[in-house]
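Q: Need coordinates for the below:
(3 chains)
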Amino acid sequence: MTSNPKTISKSLTAVSIETPAGHFIAHFSEAGLARLEFPRRTATLPQPSLNEWSSKQLKWLAITKRAICDTLRGQPASEFPPFDLSSGTDFQQCVWKALRGIAMGAIKSYGEIAQEIGSPKAVRAVGGACGANPIPLLVPCHRVLAANLHLGGFSGGLDWKLRLLAAEGVDVRLPGSRRAWGE
DNA sequence: CCACGGTGGTAGA
DNA sequence: TCTACCACCGTGG
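A: You can find the predicted model right below:
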């Protein structure tokens, strides 16, 4: 019963995706989109030669770009690429699957997710799994808030979490008190 | 507002 | 193994 995801090493192909909000970096495996990074200040990646890509991956790339742009505009994506979430533990994959069930504009709490996956007390662990989500934005961990509509955290920086929620029309109890403005 | 204890899962030693 | 983290939660000042 012990799956050991860390022993699975996969070769990933990274590509930068240009959007109105900056350059995201997507990593594809043979199975699908495996990782997505928010735009950074620091230098962007050299673009790999696209002719080494399978037509399969080129298609995923187009779908991914469309899905990112739609989500940023607060519109439901019409299509997602396949996700390769095999890097996660069983528990994490369980959580990530639950995250995918949260519709755009909807929110859930860490506690609700915990309940949903059948481990009602594993609340902190759910937070940990959200933080380990390799595909933020498209696996919508930004739609998970703490209790009482408190913001909680976000691996990509809380400013992103706020921005995404705002785009989806969700208003959050703002952290005038809640500390930590993650960077 | 703050402090604290109870939590379950992970990573590192 | 044991231990020390945590994107939490509820309760009590």
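
Q: how about A:Ser11, what does it touch?
A: A:Ser29 (CB atoms under 8 Å, 6 or more residues apart in numbering). Every C-beta, even on glycine, is put in place using the N, C-alpha and C of the backbone.

Q: which residues of chain A score low on pLDDT?
A: Chain A contains residues with pLDDT under 70 at A:1-10, A:42-46, A:48-51, A:173-183.

Q: Count the neighbours of A:Asp159 for me.
A: For A:Asp159, the neighbour count with other CB atoms under 10 Å is 12.

Q: Which of the helices or strands spans the residue in chain A that DNA strand C sits nearest to?
A: Relative to DNA strand C, the nearest point of chain A is A:Gly153 (2.0 Å; CB to the nearest atom of the strand). Using DSSP states H and E, A:Gly153 sits in no helix or strand.

Q: you'd agree it is up against A:Gly131?
A: Yes. Using CB atoms under 8 Å, A:Gly153 is in contact with A:Gly131, at 7.0 Å.

Q: quick one, which of the two is more surrounded?
A: A:Gly153 (16 against 13).

Q: For the residue of chain A closest to DNA strand C, grab phi and psi.
A: Main-chain torsions, A:Gly153, degrees, to the nearest 10: phi -120, psi -180.

Q: A:Ala62: what secondary structure?
A: helix (DSSP: H, G, I helix; E, B strand; the rest coil).

Q: okay, now it: neighbour count?
A: 13.

Q: Please report the distance of it from DNA strand B.
A: 32 Å (CB to the nearest atom of the strand, to the nearest Å).

Q: Chain A against DNA strand C: which residues are in contact?
A: Proximity of chain A to DNA strand C, by CB under 7 Å from any atom of the strand, involves residues A:109-111, A:123-128, A:130-131, A:133, A:136, A:141-142, A:144, A:146-148, A:150, A:152-156.
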